[in-house]
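Peer 1: Here is a sequence together with a model predicted from it:
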Amino acid sequence: MRPFPAHLAVAAVVFVALAPVPAVHAEPPPAALKDVPLPFLWPSAGIYSVAAVTDTEAWVAGRQGQFGDNHGNPVVRRRMGSQWKEYPLNGWSGTGSIAQVVAHGGEIWAWGVQDGERLYLARFDGSAFQPVAAPPDVAYAYGTRLWAGPAGVWVQIDGPGPGNQLLPVLFRRVGNTWVADPVARPLQYGLADLQARNANEAWTGSCRYNTITERQESVVLRWNGSIWTTLPPLPTERCVTSVAPAADGSVWALTWDTLYRWNRTTWTAPPAGAFDSHGSKVRLDKDGNPLVVLSRAFLYGTAPLLRYAGGTWQTFATPVEAWAHDVSVAPSGRIWVTGNTRNNSPLLLTSP
């Protein structure tokens, strides 16, 4: 539960010395991204979300034409080969932006906020995005989170809680209905992320208050198709912001200032130094190496995509100075990244 609509508070760090994570590969792959030409967008555009489908197909989402108090206009585009396609956003009205687009197995979903307050949730039917009724009692549209993967489509909303509070509530799409899952309620800020390896294995992370120790603890949870179980807490009070399960049964968990790895026995961390704040998202490349995006780091300098591989940290080279917003990896391995330049022009980048 949290104040409505207060931003997340940052907890103090408990420093724990950990053994370095063993090298994933002796020779790290080259870390470089190339520019992908964007379609025509109105001024003041931003591309924030990306969902990779294949090496040659991806979806991006954001906004364009934002001036003054105007919330701008929504952007969802599909890259197919060397062409861009645009589709109707049926049911959209007013100004605003599309905050996120997700894709898996032919399911394409997007959500945004209309006129600064109304949630827009839609599914692509092959020719247009069709509005889908959101779960009931959305109290704060900007708090929505959406995931799609082998375990299906999930959405988390901010519902009304006691007093002037927000209560995160998680739902899974079953057929044409939303089915509530209670896992979000004990978590202070709900689910930070949700990543699945198959239909009966999904992972998430967040933080919760331990009533016995009377302290906040950082946690990762695993779903087996019906129930959630919790791993031992991470050696930090920083909340988990993103997770990335690996094929060997391990899982990576990103916090504000550290990347951790659960090796099925204990939590360890790679060498420090690549970043010390703003950890936002972690995904795995085709070799199982973690890719890290830093949020809002443009306030403190450039923040290109990072990778931990071969026992060392890499910073991805880009054609121009870039800030990464989002990353998605196609099943075949191509890395897609949205971001912006120093003068705030939108960017779409891919691995060669």
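Peer 2: Everything's here; your move. Here the structure is a predicted model, which is why all the values come from computation and not from measurement. Numbering: from 1, shown residues only.
Peer 1: Checking my notes, Val153 in a strand, right?
Peer 2: Yes. According to DSSP: H, G, I helix; E, B strand; the rest coil, the state of Val153 is that of a strand.
Peer 1: partners of the residue nearest to it when sequence neighbours are not counted in the sheet?
Peer 2: With CB to CB, 6 or more residues apart in numbering as the measure, Arg173 is the residue that lies nearest to Val153, at 4.1 Å, once sequence neighbours are left out. C-beta coordinates here come from the backbone N, C-alpha and C atoms, glycine included. For Arg173, the beta-bridge partners are Trp178 (DSSP bridges).
Peer 1: which residues does Arg173 contact?
Peer 2: Applying CB atoms under 8 Å, 6 or more residues apart in numbering to Arg173 gives the contacts 152-155, 179.
Peer 1: do you know how far Thr258 is from Ile98?
Peer 2: Going from Thr258 to Ile98 by CB to CB, to the nearest Å gives 31 Å.
Peer 1: Phe129: how many residues sit nearby?
Peer 2: Applying other CB atoms under 10 Å, we find 24 residues neighbouring Phe129.
Peer 1: contacting residues for it?
Peer 2: Phe129 sits next to 76, 87-90, 108, 110, 122-123 when contact means CB under 8 Å, 6+ apart.
Peer 1: If you go by neighbour count, which of those are buried?
Peer 2: 76, 87, 89, 108, 110, 122-123 (16 or more other CB atoms under 10 Å).
Peer 1: Of those residues, which belong to strands?
Peer 2: Among these, the members falling in strands are 76, 108, 110, 122-123 (criterion: DSSP state E).
Peer 1: pLDDT below threshold where in the chain?
Peer 2: Across the chain, the ranges flagged by pLDDT under 70 are 1-27, 297-300.
Peer 1: most centrally placed residue in it?
Peer 2: Among the residues of the chain, Lys281 comes closest to the average C-alpha position under CA atoms, centre = their mean, at 5.5 Å.
Peer 1: Provide the backbone phi and psi angles at that one.
Peer 2: According to degrees, to the nearest 10, the main-chain angles of Lys281 amount to phi -150, psi 140.
Peer 1: Who are the packing partners of the strand or helix carrying Val243?
Peer 2: Here Val243 is covered by strand 242-245, with elements defined by DSSP states H and E. In terms of contacts (3 or more CB pairs under 8 Å, 6 or more residues apart in numbering; DSSP states H and E), strand 242-245 is packed against strand 193-198, strand 201-210, strand 251-254, strand 279-284.
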